[in-house]
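Q: Attaching a predicted model along with its sequence, questions to come.
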Amino acid sequence: MFRSTLLAALLLSGQALASEADILTAASGDSKGDTWDATVAQAMLSTYDSNGSGTIESTKELKAVSCTSWQAIDASVRAGWGGTGLRVIYGFQKGMIWVGYAIGIDEKLRKKADKALVSCGIE
């Protein structure tokens, strides 16, 4: 239901459907494990890594990540981790162990990424 609602919103908003659809597809499924991390990281990097560095390491790249992408990833993490979300499980939230690299985000953007997540309504 959540995935189809996001896809419908993308169709109506005129956003880059192929890129967002890749993220939605990657984020679906069991979020526990390295395979899910690698699939999501690949989708994030192919969509937002504008310089081909293999990581989202610039403010410009981070700002390009849509709330739709963050929300889809967070929803899958919550479903797989008993309601605990992306900010905690991947260490974006202050005081947590950093694991955001597993989905392609460079640690130097940790604070900015956390602010982006919060601004997208992710707690």
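A: Structure received.

Q: contacts and neighbour counts: CA atoms only from here.
A: Fine.

Q: doesn't I105 make contact with V40?
A: No - using C-alpha atoms under 8 Å, V40 is not in contact with I105, being 11.0 Å away.

Q: Give the residue spans of the protein that score low on pLDDT.
A: Residues of the chain meeting the criterion pLDDT under 70: 1-18.

Q: Find the residue at the geometric middle of it.
A: Nearest to the geometric centre of the chain sits W70, at 4.0 Å (C-alpha atoms, centre = their mean).

Q: correct me, but that residue touches S119?
A: No - W70 lies out of contact with S119 (C-alpha under 8 Å); the separation is 10.5 Å.

Q: Can you name the element that comes right after the helix or strand containing Q71?
A: Take DSSP states H and E as the rule and Q71 turns out to sit in helix 67-80. Next helix or strand after helix 67-80 toward the C-terminus (DSSP H and E): helix 86-89.

Q: List the buried residues for whatever helix or strand comes next after that next one?
A: Heading C-terminal from helix 86-89, the first helix or strand you meet, by DSSP H and E, is helix 110-119. For helix 110-119, the neighbour count (16 or more other C-alpha atoms under 10 Å) marks 110, 113-114, 116-117 as buried.

Q: do the same with stretch 28-45
A: The neighbour-count check on stretch 28-45 (16+ other C-alpha under 10 Å) flags 28, 31, 36-37, 39-45 as buried.

Q: Now, these that are in helices?
A: If you go by DSSP state H, the buried residues of stretch 28-45 have 36-37, 39-45 in helices.

Q: Out of those, which is nearest to V65?
A: Nearest to V65 among these: M44, at 8.1 Å, using C-alpha to C-alpha.
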